[in-house]
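[1] The amino acid sequence is not available; the structure is as follows:
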C-alpha cells in the first residue's frame, strides 16, 4: 500500500473501532512514585502539599493506616495536606427572582502521618522495571534523526509524564524500561514528537502566545492530530500492535467526546497528521 494511503486507512480503521462502542484507555507505562504520595492511592500530593510536608515517601490518614493493619506510634504528631472543596450555594436575584447556583471554593485540610511514624506496615516495594525491553532500531533512528535535525531537547527519564513543551521546544517521555511492551514507548514518543511539529518554526499549528486550555476544542483537536500521527508512524514502521492501536483509538475517543463525538474532526486531524509525519520523516 502506498504511503499516501496510510493516513486514510488508519483513520478509517479508527472510526470503525470507535463505532463498536466505548474503549477503555490504559496508560502504557508504569507509574513512578516520587516525592510525598498517598500510600493508598499511590498518587503524589500537589506541589503545595509537597512543600508543606516534611518528608518524601508514604503518607496516609490515621484511619487509612489502621485499615492497612498499622498503628500510629504513641505521641506522634500529624502533618496536614490541603485541598479545595467546591460548595454550591443557591442565590436569588432580588430584582428578577431568578435563582442561580454559585460555586464557592473552600480550602480544607486533613491530617496525615508519614510511614516512619507507623508500626505494623512495611514500606511499598520499589516499582518493577522491564529490564528485557529490546529497542527497535528503525524507530530509534527516526526519533534521533528528527530531534537532531530540529534541535529539539529530548529527555527520556524515569517519570510519570509524557509531554511536549512548546515554550522550551522540549519533549519528555518515561524511560523504555517503564513500558511492558517496547512498542508502547514508541507510540507515546511519536505522539509527543507529532506535537512538536506544530511549533511556530515548523508547521505553525499550535497556538502562539499562550498554551491552549486543557479540554478546550483547540486542545482536543491537537490531541487528535498527535495520536493519529503516532498511529500512522507505528503503521508505517510495521510496529503497530493490537494493543497500541486500540489504545490510540481509546485516546482519540476520549477527545472526540469533548468535540461531541463528531467524526469529521478525525478527518481534519488526519490531514494535519499526514503533514506532521512527513515533516518528521523529512519526506517530500
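    Yep, it's here. It should be emphasised that the depicted structure is a prediction, and the values quoted were computed from it without experimental measurement. Numbers count the residues shown, from 1 in each chain.
[2] Tell me how many other residues surround residue 255.
    Neighbouring residues of residue 255 were enumerated by other C-beta atoms under 10 Å; the total is 21. For the C-beta atoms, the positions are set from N, CA and C on the backbone; glycine is no exception.
[3] So that it lines up with my notes, have the first residue be 7 from now on.
    Will do, 7 is the new start, and the previous item becomes residue 261.
[4] Next, the buried residues of the helix or strand hosting it.
    Take DSSP states H and E as the rule and residue 261 turns out to sit in helix 248-264. Along helix 248-264, the positions that meet the burial threshold by neighbour count (16 or more other C-beta atoms under 10 Å) are 250-262, 264.
[5] Over to stretch 236-248?
    Buried residues in stretch 236-248, counting neighbours by 16+ other C-beta under 10 Å, are found at 236-242, 245-246.
[6] what's the closest of the residues you listed to residue 78?
    Closest approach between the buried residues of stretch 236-248 and residue 78, by C-beta to C-beta: residue 236, at 46.7 Å.
[7] That closest one is in contact with residue 190, isn't it?
    No - assessed by C-beta atoms under 8 Å, residue 236 is found out of contact with residue 190, at 10.6 Å.
[8] Out of the buried residues of stretch 236-248, list just those in helices.
    Secondary structure assignment (DSSP state H) places 236-242 from the buried residues of stretch 236-248 within helices.
[9] and those as a markdown table, adding pLDDT?
    As requested, those are arranged in a markdown table below (pLDDT from 0 to 100):
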| residue | pLDDT |
| --- | --- |
| 236 | 96 |
| 237 | 95 |
| 238 | 95 |
| 239 | 96 |
| 240 | 96 |
| 241 | 94 |
| 242 | 94 |
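[10] will you turn those into TSV that also has distance to residue 56?
    Output for these, formatted as TSV (distance: C-beta to C-beta, whole Å):
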residue	distance to residue 56
236	32
237	36
238	39
239	36
240	36
241	41
242	41
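[11] sec struct for residue 154, please.
    Of the three states, residue 154 takes helix according to DSSP: H, G, I helix; E, B strand; the rest coil.
[12] so where's the stretch 157-290 of the chain shaky on pLDDT?
    Within the stretch 157-290 of the chain, the ranges that satisfy pLDDT under 70 run 213-221, 267, 290.
[13] Done for today, thanks.
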